[in-house]
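**Student:** how would this look folded up:
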Amino acid sequence: MDRIHHDTDLSGEGALDTARRAFTFLTTGPHPLALDGREFSGLPPRMVGLGEVRDRLLHRQCPLALRDRVWTHLVSRSRAEGGAWTVACAGVALPALTTIAARLSARFAADPADLHSAVLAG
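**Tutor:** Below is the predicted model of the structure:
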């Protein structure tokens, strides 16, 4: 039997790579996952894609109150709706999760896949 190769084959990716790919899928295309910026003082008064939200939250001058409000909203949506909003939380957190995983992986010579999965699960 011939093996069919699909562009969505994730067999060689780790947990953080899979989360990154899923987040990119949710935040691109004709209907990207977004927040209504009018609900958050400090965001533009329009629909703001989660990739842009993540970039704004990472900016040094982003007020902590805005970060807290956005994270409260994202976690609440994840708990209430699951699915895409849980991936959204992981995607927005990816820069921090990647840094944590890299620091922890540097201490261990073994395959970091389990460690990366644990960081994402945490």
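
**Student:** switch to C-alpha atoms for all contacts and neighbour counts from now on
**Tutor:** Fine.

**Student:** those strands in this protein, which residues are they?
**Tutor:** 34-36, 47-49 (DSSP state E).

**Student:** now for the last one, which elements pack on it?
**Tutor:** Okay, so that is strand 47-49. strand 34-36 (3 or more Cα pairs under 8 Å, 6 or more residues apart in numbering; DSSP states H and E).

**Student:** Rounded mean pLDDT for the strand it packs on, please.
**Tutor:** For strand 34-36, mean pLDDT rounds to 97.

**Student:** Which residue comes closest to the most centrally placed residue in the chain once chain neighbours are left out?
**Tutor:** Closest to where the C-alpha atoms of the chain average out (Cα atoms, centre = their mean) is residue 91, at 0.4 Å. Distances taken as Cα to Cα, 6 or more residues apart in numbering place residue 23 nearest to residue 91, at 5.2 Å, with adjacent residues excluded.

**Student:** wait, isn't that neighbour in contact with residue 93?
**Tutor:** No - using Cα atoms under 8 Å, residue 23 makes no contact with residue 93, being 10.5 Å away.

**Student:** who has more neighbours, the two?
**Tutor:** residue 23 (25 against 16; other Cα atoms under 10 Å).

**Student:** Against residue 83, how distant is that one?
**Tutor:** 11 Å (Cα to Cα, to the nearest Å).

**Student:** Next: residue 93.
**Tutor:** 16 Å.

**Student:** Residue 40 contacts residue 71, correct?
**Tutor:** No - the criterion here is Cα under 8 Å, and residue 40 misses it with residue 71 at 11.2 Å.
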